[in-house]
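Undergrad: Task: produce atomic coordinates for the following.
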Amino acid sequence: MTDRIEYDDDGGLDEIVSAAAHLERMCEDRWFLVISQSDGKEVCIWFKGHVTHHEVRAGGTGEPVR
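TA: Purely as a prediction, here's the structure:
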């Protein structure tokens, strides 16, 4: 699985994929989150709402990547 962040045509967050987690917008205000655990289990969460902010931080620094 390739790490990636995808945006919709309006520049809004649509999907984030990494080895540990996958967040995906299912429709306008519904989201699906899967978190992979080290023992192979997956935590799956469906939720409703809007992402108001997101940022990518460099490992170990806590600082946003610009």
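
Undergrad: Now do the closest residue to Asp8 other than its chain neighbours: how many residues are near it, please.
TA: Nearest non-adjacent residue to Asp8, counting by Cβ to Cβ, 6 or more residues apart in numbering: Asp14, 4.6 Å away. All C-beta atoms are positioned from the backbone trio N, CA, C, and that covers glycine. For Asp14, the neighbour count with other Cβ atoms under 10 Å is 15.

Undergrad: same deal with Leu23?
TA: Residues near Leu23, counting by other Cβ under 10 Å, number 20.

Undergrad: what kind of secondary structure is it in?
TA: strand (DSSP: H, G, I helix; E, B strand; the rest coil).

Undergrad: next one: Thr61
TA: When classified by three-state DSSP, Thr61 comes out as coil.

Undergrad: what about it, distance to Ala19?
TA: 20 Å (Cβ to Cβ, to the nearest Å).

Undergrad: Next: Phe47.
TA: 22 Å.

Undergrad: the strands in the chain, which residues?
TA: 4-7, 13-17, 21-27, 30-36, 42-48 (DSSP state E).
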